[in-house]
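1. this is a predicted model, with the sequence first.
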Amino acid sequence: MVAQNIFFYAIAAVIVWSAFRVVTTQNVVHAALHLVAVLASVAAQYILLAAEFVAATQVLVYIGAIVVLFLFGIMLTRAKIGRDQELTHKSAIVGGALTALLLLAVMGYSLLDEFGWSRTPLPEDSRLIGVNGSNSATVSDSIFSQYLVPFEVISVLLLAALVGAIVLARKD
Amino acid sequence: MTAVELSYWQQTVFRVLGVLVAVILPAGGFVYVFLFKMMSFMQSRLGPMEAGPYGSMQLLAEVGKFLQKEDIVPEKADRRLFFLAPYIVLASTFLLLVVMPFGPDAYFTNLDTGIFLAMGLSSISVIGILIAGWASASKYALIGGLRAAGQLIAYELPMVLAVVGVVIQAGTLNLQGIVTAQHSGEIFGFGGIGNPFIITQLVGFFVFLTATQAELTQTPFDMPVAESEIVTGYITEYSGLRFLLFFIGEFATAGAFAAIAATLFLGGWAVPFVDLDDDIMNIAGPLVLFGKMMLVGFLIFWVRFTFPRFREDQLQAFAWKFLIPISLVNILATMVLKVAF
């Protein structure tokens, strides 16, 4: 477990530093790339927790699709090389600090409320092995039985967003 | 199962060397066999003949040439990102091979979500290409990078959908499991040669190969590097070693995708009539997979040297209006048949 702890803190340090750079860097493309570093490090943490399915989804959806679309949009519209002084405002510091405090309070409260100060016991073998010894089988089984209704509702929501985007984009 | 027991660090050394071989060998093999020789024969010429027997040492000469070239960086370029971009593209290729199985015990990792992770990791190279296009501070490079990104996003979808058909039939995302499912499968009760999914998923195979062609930006889909319009797109400003890295990345990715196609549709490292757990397959398996990979590579490069380039709008329409509907119908048919039988 020692190696796992060391890598956890190393990756966590990368996440914190990259997240800090996302908001402080003065180049919008650099900001997007630091965001990639944050998201990839989060995927690495998932792998460290033996949650491969979530890690793969994180890479496929966030890095492969969302950030690529960010970059695509930025480069099509405004992406100067070098520093852009207008990118960081003084007033953003106050807003950022408030948001960070609020997030810390909410997450800290919900974590303490759920688990208290005690350590969460590790499952035997520290690898969550479910149906057929397969992690992803367990995930899919719970999605298509216990969480079927939320899953379908999200699908409809995404479809609505898709249709809405097309309606907004079409001029005629 | 294994005859030899290796300690952890020995396994790690083997794996690192293995992944290097798995990247360099297909890249070199594809360039020599297809780019040098096959293209030359199709154009009624001999290709390189001077360096080594039948020009087989030409690759070393080419690498030497690229290493000697001056490393030019445009003055207005974003230097750090300009240097970083080729490594991101190459890293995506290396990561792709991590989930590939080469034999019963010859694999880097045996992940539950193998093919799903591979699809995700292959999309990382888009970021490298976009960065290369942007950081070069050149109009042609930026246009090339944007074209590449638009194309790769569009063709990722039919590729993933084509894989879904195979996954439904095999009942697992694990690549090793997909190989086993094909080896032990039956065709209408006849289990002699197993059930390579190319027979039942012929439509999926067609869609997957077409999407692969586009993901690799090989010729009918080479708008991002269209040399008559935008020089060479996102690699316009790269020279010397950095150009070589992009070049190796292109052909190594071709090798990786060919190997994935061989695993998904041609039975992977397994051979009919040979027991899957046989220790000999740890040696023979990689060779079998290499052979099947060269077969798929042959198809990719045959198409590349035969067809002229698509126009940008044709290219997008082909993905969204033809490949995606056809692969959705394929998924539906596979689902119905899977439940029926």
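-> Yep, that arrived. Numbers count the residues shown, from 1 in each chain, chains lettered A, B, ... in the order given.

2. I'd assumed residue A:20 was in contact with residue A:38.
-> No - judged on CB atoms under 8 Å, residue A:38 makes no contact with residue A:20 at a distance of 9.8 Å. Every C-beta, even on glycine, is put in place using the N, C-alpha and C of the backbone.

3. please report the distance of residue A:72 from chain B.
-> The gap separating residue A:72 from chain B is 5 Å, by CB to the nearest CB, to the nearest Å.

4. find the nearest non-adjacent residue to that residue, please.
-> Nearest residue to residue A:72, sequence neighbours excluded (CB to CB, 6 or more residues apart in numbering or on different chains): residue B:149, at 5.2 Å.

5. SS state for residue B:109?
-> Of the three states, residue B:109 takes coil under DSSP: H, G, I helix; E, B strand; the rest coil.

6. for it, what are its contacts?
-> If you count contacts by CB atoms under 8 Å, 6 or more residues apart in numbering or on different chains, residue B:109 has them with B:98, B:99.

7. distance check, it against residue B:295.
-> 26 Å (CB to CB, to the nearest Å).

8. same thing with residue B:168?
-> 25 Å.

9. out of the two, which sits in the busier spot?
-> Using other CB atoms under 10 Å in any protein chain shown as the criterion, residue B:168 and residue B:295 rank with residue B:168 on top: 17 against 13.

10. quick one: buried residues of stretch B:219-231?
-> B:219, B:220, B:221, B:222, B:223, B:224, B:225, B:226, B:230, B:231 (16 or more other CB atoms under 10 Å in any protein chain shown).

11. show me what it is in contact with.
-> Counting by CB under 8 Å, 6+ apart, B:129, B:140, B:143-145, B:147-148, B:151, B:155, B:213-214, B:217, B:232-236, B:303-305, B:307-312, B:315 sit against stretch B:219-231.

12. kindly check the end-to-end length of that stretch for me.
-> 15 Å (CA to CA, to the nearest Å).

13. off-centre distance for it?
-> 19 Å (CA atoms, centre = their mean, to the nearest Å).

14. ok, back up a step: contacts with chain A among the contacts of stretch B:219-231, please.
-> Restricting the contacts of stretch B:219-231 to those near chain A by CB under 8 Å from any CB of the partner chain leaves residue B:145.

15. buried among the contacts of stretch B:219-231? Need that as a selection in PyMOL.
-> Only the buried entries of those go into this PyMOL selection, using 16+ other CB under 10 Å:
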select buried, chain B and resi 129+140+143+144+145+147+148+151+155+213+214+217+232+233+234+235+236+303+304+305+309+310+315
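
16. keep only those of the contacts of stretch B:219-231 that are in helices.
-> Among these, the members falling in helices (DSSP state H) are B:129, B:140, B:143-145, B:147-148, B:151, B:155, B:213-214, B:303-305, B:312, B:315.

17. and the least confident of those?
-> Minimum pLDDT across the ones in helices among the contacts of stretch B:219-231 is recorded for residue B:312, with 77.

18. now the closest residue to residue B:263 other than its chain neighbours: how far from chain A?
-> Leaving out its chain neighbours, the residue that sits closest to residue B:263 by CB to CB, 6+ apart is residue B:175, at 5.6 Å. To chain A, residue B:175 is 13 Å away according to CB to the nearest CB.

19. same deal with residue B:125?
-> Distance, residue B:125 to chain A, by CB to the nearest CB: 10 Å.

20. what's the nearest residue to residue A:151 if we skip its chain neighbours?
-> residue A:143 (5.4 Å).

21. near chain A, which residues of chain B?
-> Residues of chain B lying near chain A by CB under 8 Å from any CB: B:76-78, B:81, B:111-113, B:116-117, B:119-121, B:123-124, B:126-127, B:130-131, B:133-135, B:137, B:142, B:145-146, B:149-150, B:153, B:156, B:172-174.

22. let's see 7 Å
-> B:76, B:78, B:111-113, B:116-117, B:119-121, B:123-124, B:126-127, B:130, B:134, B:137, B:142, B:146, B:149, B:153, B:173 (CB under 7 Å from any CB of the partner chain).

23. next step: these restricted to helices.
-> Short answer: the residues of chain B next to chain A in helices (DSSP H) are B:116-117, B:119-121, B:126-127, B:130, B:134, B:142, B:146, B:149, B:153.

24. mind picking the two most distant members of the residues you listed?
-> B:116 and B:142 (32.1 Å; CB to CB).

25. can you pull out the low-pLDDT segments for the chain?
-> Just so you know, I chose chain A. In the predicted model, chain A carries pLDDT under 70 at residues A:1, A:78-88, A:120-134, A:172.

26. my bad, the chain I had in mind was chain B
-> Looking at chain B by pLDDT under 70, you get B:1-4, B:186-193.

27. if we use 90, what do you get?
-> Low-confidence segments of chain B, defined by pLDDT under 90, span residues B:1-157, B:159-162, B:164-206, B:212-256, B:259, B:262-323, B:330-331, B:333-341.

28. point me to the residue of it nearest chain A.
-> Going by CB to the nearest CB, chain A is nearest to residue B:123 of chain B, at 3.0 Å.

29. my read is that that residue contacts residue A:64, right?
-> Yes - contact criterion CB atoms under 7 Å: residue B:123 and residue A:64 qualify, at 3.0 Å.

30. what does chain A have sitting close to chain B?
-> Residues of chain A lying close to chain B (CB under 7 Å from any CB) are A:29, A:36, A:52-53, A:56, A:59-60, A:63-64, A:67-68, A:71-72, A:75-76, A:79, A:81, A:134-136.

31. can you turn the buried part of those into a PyMOL selection?
-> To isolate in PyMOL the members of those that are buried, counting by 16+ other CB under 10 Å, one can use:
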select buried, chain A and resi 29+36+52+53+56+59+60+63+64+67+68+71+72+75+79+81+134+135+136
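
32. just the residues of chain A next to chain B: which are in helices?
-> Counting by DSSP H, the residues of chain A next to chain B place A:29, A:36, A:52, A:53, A:56, A:68, A:71, A:72, A:75, A:76, A:135, A:136 in helices.

33. what's the closest non-adjacent residue to the last one?
-> By the measure of CB to CB, 6+ apart, the closest residue to residue A:136 outside its immediate chain neighbours is residue A:53, 4.5 Å from it.

34. shouldn't that neighbour be in contact with residue B:113?
-> Yes - counting by CB under 7 Å, residue B:113 is a contact partner of residue A:53 at 5.1 Å.

35. now the common contact residues for these two.
-> Taking CB atoms under 7 Å, 6 or more residues apart in numbering or on different chains as the criterion, residue A:53 and residue B:113 both touch residue A:136.

36. taking chain A, what residue is nearest to chain B?
-> The nearest approach of chain A to chain B comes at residue A:64, 3.0 Å away (CB to the nearest CB).

37. tell me how chain A divides into domains.
-> A:1-82, A:127-172 (automatic domain parsing).

38. right, and residue B:212 touches residue B:257 too?
-> Yes - using CB under 7 Å, residue B:212 is in contact with residue B:257, at 4.6 Å.

39. now do the helices in the stretch 151-300 of chain B.
-> Applying DSSP state H, counting those that start in this stretch to the stretch 151-300 of chain B gives helices spanning B:175-184, B:197-200, B:202-215, B:227-230, B:240-265, B:281-306.

40. distance to residue B:48 added to those, as a markdown table?
-> Compiled in a markdown table, the helices of the stretch 151-300 of chain B are given as follows (distance: least, CB to CB, whole Å):
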| stretch | distance to residue B:48 |
| --- | --- |
| helix B:175-184 | 36 |
| helix B:197-200 | 33 |
| helix B:202-215 | 25 |
| helix B:227-230 | 21 |
| helix B:240-265 | 16 |
| helix B:281-306 | 16 |
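
41. what residues does the helix or strand containing residue B:80 touch?
-> Per DSSP states H and E: residue B:80 is located in helix B:79-98. For helix B:79-98, the surrounding residues in contact (CB under 7 Å, 6+ apart) are B:19, B:22-23, B:73, B:108-109, B:118, B:121-122, B:124-125, B:127-129, B:131-132, B:135-136, B:242, B:245-246, B:248-249, B:252-253, B:256.

42. sounds good, over and out.
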